[in-house]
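[1] Have a look; sequence and predicted model below, questions after that.
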Amino acid sequence: AENCTCGAGWGGSDAASCYPCPAGTYKEIVGLGVCSACPDSNSLSQEASGSADACQCNAGFSNVDGAAPNASLLAACQPCPLGTYKAAVGSGACVRCSAGTYKNETGPGLCRSCPASFPFSLEGSTREQDCTCAAGYGGERGFCAPCEAGTYKDHVGRDACAACPDPHQLSPNASTHVQNCTCNAGFEGAPGESCALCAVGTAKTTWGAGSCEACPDGTLPSNAEWLHVLPSPRDRARPEQPCAWQCRPGFYHQDPEGLESAQPNACRACSSTPTSNPCGPGEYWATECSSGGQPGCTPCTNMVGAGSYLWPNPAWTSAECPYACAHGWFASSAVQSPIFWYPDCQQCPPPGSACAGPCGLGAAYNDNTDCSS
């Protein structure tokens with residue numbers, strides 16, 4: 001019993017009163033004596049520590065090289081700098097705040113999350129103002145929003161996304177590089193550069209970096225020519241009809257609603273203008289011939305009010321067909337050539353009321369006082 005004493009990590013004035021050294025203290029020797037405080041006030045040891053090496057820097061503190069502080073290295077535990085943290089007691093170094101967080105004070109404490117409106121920050125950020133928008137997101141509206149199709153942003157910041165360099169380019173949402181901008185359908189070009197419209201007789205049916213390709217053989221009828229076809233305004237990535245055509249001048253398509261037809265005889269020669277009027281009442285001879293239709297008798301549509309078209313039509317090659325007001329209607333204005341051919345027919349007021357003007361061809365008026373047949 002005389003040789004009994006207190007072990008390392010245990011203090012006491014006699015063998016019967018040994019106690020474990022409290023946290024933050026240590027005792028390296030075997031024998032009676034008190035526990036010593038850790039040499040650095042910013043360090044901590046576990047209970048019953050038997051060496052100064054057991055004193056490790058507190059959370060929020062670290063020695064520069066990560067070695068455990070000891071009696072010969074006083075004040076080795078330094079506060080973690082701005083933008084770094086250390087969450088637990090130990091000999092490890094302070095760690096940089098991760099992306100999307102920041103720490104604006106030294107020493108203890110954890111990194112704080114960036115606000116929802118500007119959720120991105122670089123590693124090691126030291127203030128809330130470092131919270132911003134990632135590449136691919138614009139912040140000009142007071143919060144981060146993905147760059148819309150046709151725009152991009154290749155850097156961190158709260159500024160706006162930039163438009164693709166060519167108006168005929170698209171890019172995916174949240175694009176981060178100008179090379180994400182590729183040409184729409186109907187256009188070709190290298191990513192991030194200018195786009196050129198597909199040449200006549202070629203097509204590109206998808207959005208992307210591909211090239212225009214020749215339209216399939218056998219799809220162009222006789223007496224027809226290829227058209228430039230732009231993508232639909234509703235979907236710039238896809239043209240409605242990539243290899244479209246029209247009949248050459250002097251020919252018309254027998255089915256204007258079916259221009260996708262590629263039958264060899266789809267385009268037919270236009271009829272010549274006759275020497276006399278072949279059209280019936282209320283018709284005129286349309287002389288225009290185009291891909292959408294041929295010349296022929298066409299209904300008159302220029303009448304204003306109620307009346308009847310003249311027959312025979314003295315102006316049968318013009319869309320302005322002469323007409324007369326109906327019984328009970330008068331001409332408020334008319335072109336006299338030499339008679340009232342194109343009146344604005346208005347309904348006559350009740351008998352005995354004053355007329356506003358002559359009744360027009362096909363009706364009579366009496367001293368401009370009443371309308372009668």
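    Received the coordinates, thanks.
[2] Quick one: residues in contact with stretch 99-113.
    Contact with stretch 99-113 is made by 58-61, 79-85, 87, 97-98, 114, 119-123, 125-128, 130-131, as judged by C-beta atoms under 8 Å, 6 or more residues apart in numbering. (C-beta placed from N, C-alpha, C; glycine too.)
[3] Buried only: go through those residues for me.
    With neighbours counted by 16 or more other C-beta atoms under 10 Å, the contacts of stretch 99-113 contain buried members at 58-61, 79-80, 82-85, 97, 114, 119-122, 125-126, 130-131.
[4] Just the ones of those residues in strands?
    Among these, DSSP state E puts F61, P79, T84, Y85 in strands.
[5] is it true that Y19 touches G7?
    No: taking C-beta atoms under 8 Å as the definition, Y19 is not a contact partner of G7, at 11.3 Å.
[6] can you list the weak-confidence ranges in the chain?
    Applying pLDDT under 70 to the chain flags the ranges 1-2, 64-75, 229-241, 254-264, 290-293, 332-340, 350-373.
[7] If we use 50, what do you get?
    Applying pLDDT under 50 to the chain flags residues 66-74, 233-235, 237, 259-260, 337-338, 360-370, 372-373.
[8] Pretty sure G33 sits against C21.
    No: G33 is not in contact with C21 according to C-beta under 8 Å; the separation is 10.4 Å.
[9] what is in contact with those two at once?
    The contact sets of G33 and C21 overlap at G11, K27 (C-beta under 8 Å, 6+ apart).
[10] which of those two has more neighbours?
    A side-by-side neighbour count of G33 and C21, using other C-beta atoms under 10 Å, places C21 first with 24 against 15.
[11] That one and N265: what is the separation?
    Computed as C-beta to C-beta, to the nearest Å, the C21 to N265 distance reads 107 Å.
[12] next one: F330
    Distance from F330 to N265, counting by C-beta to C-beta: 53 Å.
[13] With neighbour numbers in mind, choose between the two.
    F330 (23 against 9).
[14] Now that one, what are its backbone angles?
    With angles defined as degrees, to the nearest 10, F330 sits at phi -130, psi 160.
[15] what bridges to S308?
    S308 has these beta-bridge partners by DSSP bridges: A324.
[16] So it is in contact with H327, correct?
    No: here S308 lies out of contact with H327, judged by C-beta under 8 Å, at a distance of 10.0 Å.
[17] Tell me where the stretch 1-150 of the chain has strands.
    If DSSP state E, counting those that start in this stretch is used as the criterion, the strands of the stretch 1-150 of the chain fall at 10-11, 19-20, 25-26, 36-37, 43-44, 56-57, 61-62, 78-79, 84-85, 95-96, 101-102, 112-113, 137-138, 145-146.
[18] and of the ones you listed, who's closest to V156?
    Ranking those by their distance to V156 (criterion: C-beta to C-beta) puts strand 137-138 first, at 9.1 Å.
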